[in-house]
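Colleague: whatever this is, show me its structure:
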Amino acid sequence: MNLAHELTAYDGKSTYLLERIRDGVPVADAPLDNAIRLCTSDEGHVATGASWLLRAWLELGSPTTGAQAQRLSRQLEHIDAPWTAQHICQSVGRLEISDPETARRFGVFLHRWIASERPFARAWAVDGLHRLACIHDEFTAPADAAIAAALEDPAASVRARARRILAES
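Modeller: Below you'll find the predicted structure:
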C-alpha cells in the first residue's frame, strides 16, 4: 500500500476512505512510520488523513516505539492544521514518550494548542498535557493549571473534557 498516494484522494471531510485504509491493514502491521511522516504533508488533506489514521491505529492497539514518538516530536513545530493537531493531541496517551527531549517537544506543542481558537483543539491539548504529565512528573503543575483553566473555558466541550479528565484521575 502506498499510503501517501491513497491519502491524496481524501477530501478532508468523509472518513469513508480513511476507515477503508484503517480496516485494510492488520493492526500489528499498521504503517505508523508512514503515517507519522505524512503528518506534515502540505498536499491536500494528506496530513489530516495521516494523523486520523495514526490516532485510529493507536486506539486499536497498534504497537508504537519511542523512536516513532521521537520522529513525530521532531515534526510538531511544523504542524499548523487544527485537525492534524487535534488527532496528535488525542494520541499522546498511546505514544511511547519516554525520552525527555521528546516529552519537552510534546509539551511545547500541547501548550501551543491549549491557546488555540478552536475549542476541540484546546480540549484535546489539555487532555494530551494531562496524559504527558502521567508519564513525566515535570508536566504535572502545567497540566493541573491547564485543567483548572479549562474548567472555566467559555466552550462547553473544553469544560467537559476537563471534567472527564478529573473523573478519570
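
Colleague: only C-alpha atoms from now on, for both contacts and neighbour counts.
Modeller: OK.

Colleague: contacting residues around L7?
Modeller: L7 is in contact with L18, H45, V46, G49, A50, counting by Cα atoms under 8 Å, 6 or more residues apart in numbering.

Colleague: no no, D33
Modeller: Residues in contact with D33, defined by Cα under 8 Å, 6+ apart, are Q68.

Colleague: using PDB, write out every CA atom in the strand or helix carrying it.
Modeller: Using DSSP states H and E, D33 sits within helix 32-38. Below are the C-alpha coordinates for helix 32-38, written out as PDB (Å, rounded to 0.1, in the frame of the first residue of the first chain):
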ATOM      1  CA  LEU A  32       2.700   4.100  11.600                       C
ATOM      2  CA  ASP A  33       6.100   5.300  10.300                       C
ATOM      3  CA  ASN A  34       4.400   6.400   7.000                       C
ATOM      4  CA  ALA A  35       1.500   8.000   8.800                       C
ATOM      5  CA  ILE A  36       4.000   9.900  11.100                       C
ATOM      6  CA  ARG A  37       6.000  11.100   8.100                       C
ATOM      7  CA  LEU A  38       2.800  12.300   6.300                       C
END
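
Colleague: buried ones in it?
Modeller: For helix 32-38, the neighbour count (16 or more other Cα atoms under 10 Å) marks L32, A35, I36, R37, L38 as buried.

Colleague: equivalent analysis for stretch 131-151, please.
Modeller: Under the neighbour-count criterion of 16+ other Cα under 10 Å, stretch 131-151 has 131-133, 136, 139-140, 142-144, 146-148, 150-151 buried.

Colleague: and those, which two are furthest apart?
Modeller: Pairwise distances across those (Cα to Cα) peak at 22.6 Å, for the pair H136 and L151.

Colleague: pick the one among the buried residues of stretch 131-151 closest to L166.
Modeller: Lowest distance from L166 to the buried residues of stretch 131-151 (Cα to Cα) belongs to I147, with 8.3 Å.

Colleague: what is the rounded mean pLDDT of the top helix by length along the chain?
Modeller: When the chain is parsed with DSSP state H, its longest helix is helix 119-135. Taken as a whole, helix 119-135 has a mean pLDDT of 97.

Colleague: which elements pack onto that helix?
Modeller: On a contact count with 3 or more Cα pairs under 8 Å, 6 or more residues apart in numbering; DSSP states H and E, helix 119-135 meets helix 82-91, helix 100-114, helix 140-150, helix 156-168.
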